[in-house]
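Student: Sharing a model that was predicted from the sequence below.
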Amino acid sequence: MVTASRVQLTALRGRDDECRAVRSLLDGVTDGGGALLVYGEPGSGRTALVGYAHRHAEACTVLAGTGLTEEAALPYAGLQRLVDPVLDRAAALPNEQRQLLRRALAGESCPADRQLTLSMAVLGLLVAAAGDRPLLATMDDVDRGDPQTAQVLAFVARRLRHSPIAVLLTADVTTMVDGIPAYRLRALTESESVAVLTDQLRPLGERESADRLPERPAASVLTALAGIGGGNPQALVDLAEVLSPGQWRGEESLPAAPPADGALGRAYRARLDRLPPDTRRMLLLAALDEDGEPGTLIRAAGAAGTEVEALAPAEVAGLVRVEPRASPSRSRWCAR
């Protein structure tokens, strides 16, 4: 059985700088609050860092939320889930702020000219909740939920200098929030990737088996898997989960890519599902174009009745990128 501590260690391999930033955020909260944005590709370990923050926030009241795609069209739905445990502290707010906050969290829209008042109400609510002990508020995948929640939390995060409040946000690599310190989760090195694989594969090697597996796979197998995983922790975990005894020994060919039905594959499919139909159609055409030549894609798009510009949402979602060549007309689309 894989213990929780082993899972946590695996998920945080190669994230020493980010862990130090989280600890610094929490250690300094009593002297004045602060905020941190951690962003990266799916599977890069953002959620693991949120868990790390929760485990090191013993002295804090913790409010935790997650952006949900299913609620992205519901204004302030994420905010409502985040602050619901401390809504009783709204009594300390000025009457105008209190009423506006309750209406927004009840599903009523907030006029554009009242956004500042609402944001100040949320800040005041968190300050009131932090009156007894410091407060940590986390929102994982803030970009996946409703944009109104993201806007309010960004406002609050920029105004914590004199309050015992820490805010930790995580988002996809395509998201940036001005005025908040940010960490981009890099790809793991080969040695860090091998460590992740070893963490995952050790329980299988320790388990009694008729196959009599060696204690760990051959170094060549680990190195090859590290390359296939591309430095993505979740890709490495997914690969480890499907490794057969023959592959472990180096007797069978290794997978060419992480399993499509693994956690990382599901995360990318969720991204695809959120794109417009024309964009998904263009992604399929781009995937079929092995040369990545714009002319081929343009002709295919015309035959399918789709505009090439439909790929723009996929680029924003981090699924493709444009690689400019010497001439702009020679730019190409590349899958990420």
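Tutor: Good, I have the coordinates.
Student: if you average pLDDT over the top helix by length along the chain, what comes out?
Tutor: Longest among the helix segments of the chain by residue count, using DSSP state H, is helix 190-206. In this model, helix 190-206 has a mean pLDDT of 82.
Student: Remind me what the helix or strand following that helix packs against, helices and strands.
Tutor: On the C-terminal side of helix 190-206, the closest following helix or strand by DSSP states H and E is helix 219-229. Using 3 or more C-beta pairs under 8 Å, 6 or more residues apart in numbering; DSSP states H and E, the elements in contact with helix 219-229 are helix 190-206, helix 233-241. (C-beta placed from N, C-alpha, C; glycine too.)
Student: would you turn the ones you listed into TSV with distance to residue 132 and mean neighbour count?
Tutor: Formatted as TSV, the helices and strands packed on helix 219-229 follow (distance: least, C-beta to C-beta, whole Å; neighbours: other C-beta atoms under 10 Å):
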stretch	distance to residue 132	mean neighbour count
helix 190-206	39	18
helix 233-241	37	24
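Student: quick one: which of these is nearest residue 255?
Tutor: helix 233-241 (6.3 Å; C-beta to C-beta).
Student: Buried residues in the helix or strand just after the closest one, which are they?
Tutor: Scanning forward in sequence from helix 233-241 by DSSP H and E, the next helix or strand is helix 245-249. Residues 247, 248 are the ones in helix 245-249 that count as buried (16 or more other C-beta atoms under 10 Å).
Student: which other residues reach the following helix or strand past helix 245-249?
Tutor: Using DSSP H and E, the helix or strand that follows helix 245-249 in sequence is helix 263-273. The contact list for helix 263-273 (C-beta atoms under 8 Å, 6 or more residues apart in numbering) reads 42-43, 69, 232, 234-235, 237-238, 258-259, 280, 283, 317-319.
Student: and the end-to-end length of stretch 228-243?
Tutor: For stretch 228-243, the first-to-last residue distance is 13 Å (C-alpha to C-alpha, to the nearest Å).
Student: I'd like the distance from it to the chain centre, please.
Tutor: 17 Å (C-alpha atoms, centre = their mean, to the nearest Å).
Student: and what of stretch 121-130?
Tutor: On C-alpha atoms, centre = their mean, the centre of stretch 121-130 falls 26 Å from that of its chain.
Student: If we go by neighbour counts, what in it is buried?
Tutor: 121, 122, 123, 124, 125, 126, 127, 128, 129, 130.
Student: close enough to count as contact, residue 19 and residue 13?
Tutor: No. Residue 19 is not in contact with residue 13 according to C-beta atoms under 8 Å; the separation is 10.7 Å.
Student: So for the two, which sits in the more crowded spot?
Tutor: Neighbour count, other C-beta atoms under 10 Å: between residue 19 and residue 13, residue 13 has more, with 22 against 15.
Student: where in the stretch 201-336 of the chain is pLDDT low?
Tutor: For the stretch 201-336 of the chain, the stretches flagged by pLDDT under 70 are 203-215, 287-311, 314-336.
Student: quick revisit: what about the helices and strands packed on helix 219-229, which gets the closest to residue 97?
Tutor: Nearest to residue 97, of the helices and strands packed on helix 219-229 and by C-beta to C-beta, is helix 233-241 at 41.1 Å.
Student: pLDDT weak spots in the stretch 1-150 of the chain?
Tutor: 1-10.
Student: Where do the strands of it begin and end?
Tutor: Secondary structure of the stretch 1-150 of the chain (DSSP state E, counting those that start in this stretch): strands at 34-40, 61-66, 135-140.
Student: out of those, deepest packed?
Tutor: strand 135-140 (a mean of 25; mean count of other C-beta atoms under 10 Å).
Student: List the neighbouring strands of that one plus their orientation.
Tutor: strand 61-66 (parallel), strand 165-172 (parallel) (DSSP bridges).
Student: what does that strand contact?
Tutor: For strand 135-140, using C-beta under 8 Å, 6+ apart, the contacting residues are 26, 29, 46-47, 50, 53-54, 57, 60-67, 78, 82, 126, 129, 145, 149-150, 153, 164-170.
Student: And these, which of them are buried?
Tutor: Buried among these by 16+ other C-beta under 10 Å: 26, 29, 46-47, 50, 53-54, 57, 60-61, 63-67, 78, 82, 126, 129, 145, 149-150, 153, 164-170.
Student: quick one: residue 144 and residue 71 touch, right?
Tutor: No. The pair residue 144 / residue 71 is not scored as a contact, 9.1 Å apart, by C-beta under 8 Å.
Student: higher neighbour count, these two?
Tutor: residue 144 (23 against 18).
Student: hmm, back to that, of all the helices and strands packed on helix 219-229, which lies closest to residue 95?
Tutor: Nearest of the helices and strands packed on helix 219-229 to residue 95, taken as C-beta to C-beta: helix 233-241 at 47.5 Å.
Student: What are the contacting residues of that closest one?
Tutor: 10-11, 13-14, 42-45, 48, 188, 193, 196-197, 200-201, 225-226, 228-229, 255, 258-259, 262-265, 267.
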